[in-house]
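Novice: Next input, structure requested:
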Amino acid sequence: MSQSSSQPYDMGGAPSGAAQDEAFAALTRRLRGPLTQFFLRRTKSAADAEEMVQELFLRLLRRADLLSLGNVDGYVFEAAANIARDRGRYDQARGRGLHVEINEVVAESDQPDAEQIVAGKQRLKRMLAILNTLPPRAREVVILRRFENLTYPQIADRLGISVSAVEKHMVRAMSALRVKLIEGEG
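Specialist: Numbering: from 1, shown residues only. You can find the predicted model right below:
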């Protein structure tokens, strides 16, 4: 009663009792992988695919004449297609994937905590102190660019200097700020 794993069951008649249980167990072992892949291609979720395989096996277990069918594999995969269609309709009707699980919602505040506020104030104070060490023109360029969001041409117009001069002041200022910030952290 050995069956090739690539051939569908054709038992010519349903086995009874323990033989039927063993034949069904062999069928489930042989088809579990292919059925899981079948459902996985349709659901993209390993957990859903496994759940659908289990649901299919339960349905098949209820069918007493399953093993006496001429093409058991064909019947099994047709039943699998029906389960996939049913699940798709169910998910669409219930808006599955459109809801957020309550467990996924994290009740975090957008407000910084006290430690973050203190650290931010300290960084700002250090930044302003370093900014005050820059030459006046470089400090003005940094303030106009970083705090007033002006473009280089706008800064050049306001200060009456060339765009190239604005770029040079900005590069020197940012380099000096970077060095002084690194020194302050060490």
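
Novice: Name the residues of the helix ranked longest in the chain that are buried.
Specialist: The residue-count maximum for a helix in the chain (DSSP state H) belongs to helix 17-43. Going by neighbour count (16 or more other Cβ atoms under 10 Å), the buried part of helix 17-43 is 20, 23-24, 26-28, 30-31, 35, 38-40, 42-43. The C-beta positions use only the backbone N, C-alpha and C, and glycine is treated the same way.

Novice: by contact count, what packs against that helix?
Specialist: Helix 17-43 makes packing contacts with helix 46-62, helix 72-94 when contacts are defined by 3 or more Cβ pairs under 8 Å, 6 or more residues apart in numbering; DSSP states H and E.

Novice: For the longest one, give the mean pLDDT please.
Specialist: Per-residue pLDDT values over helix 72-94 give a mean of 86.

Novice: Please apply the same query to the first one.
Specialist: Average pLDDT, helix 46-62: 88.

Novice: Same check on stretch 176-186?
Specialist: 75.

Novice: Contacts for it next, please.
Specialist: 126-127, 130-131, 133-134, 138, 142 (Cβ atoms under 8 Å, 6 or more residues apart in numbering).

Novice: switch to 10 Å and redo it
Specialist: Outside stretch 176-186, the residues that touch it by Cβ atoms under 10 Å, 6 or more residues apart in numbering are 123, 126-127, 129-131, 133-135, 138, 142, 146.

Novice: Buried members of these into PyMOL, please.
Specialist: The PyMOL command for the buried members of the contacts of stretch 176-186 (criterion: 16+ other Cβ under 10 Å) is given here:
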select buried, resi 130+131+134+138+142
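
Novice: Among the contacts of stretch 176-186, which pair sits farthest apart?
Specialist: Arg123 and Pro135 (22.6 Å; Cβ to Cβ).

Novice: mind checking how far Ala129 is from Ile182?
Specialist: 15 Å (Cβ to Cβ, to the nearest Å).
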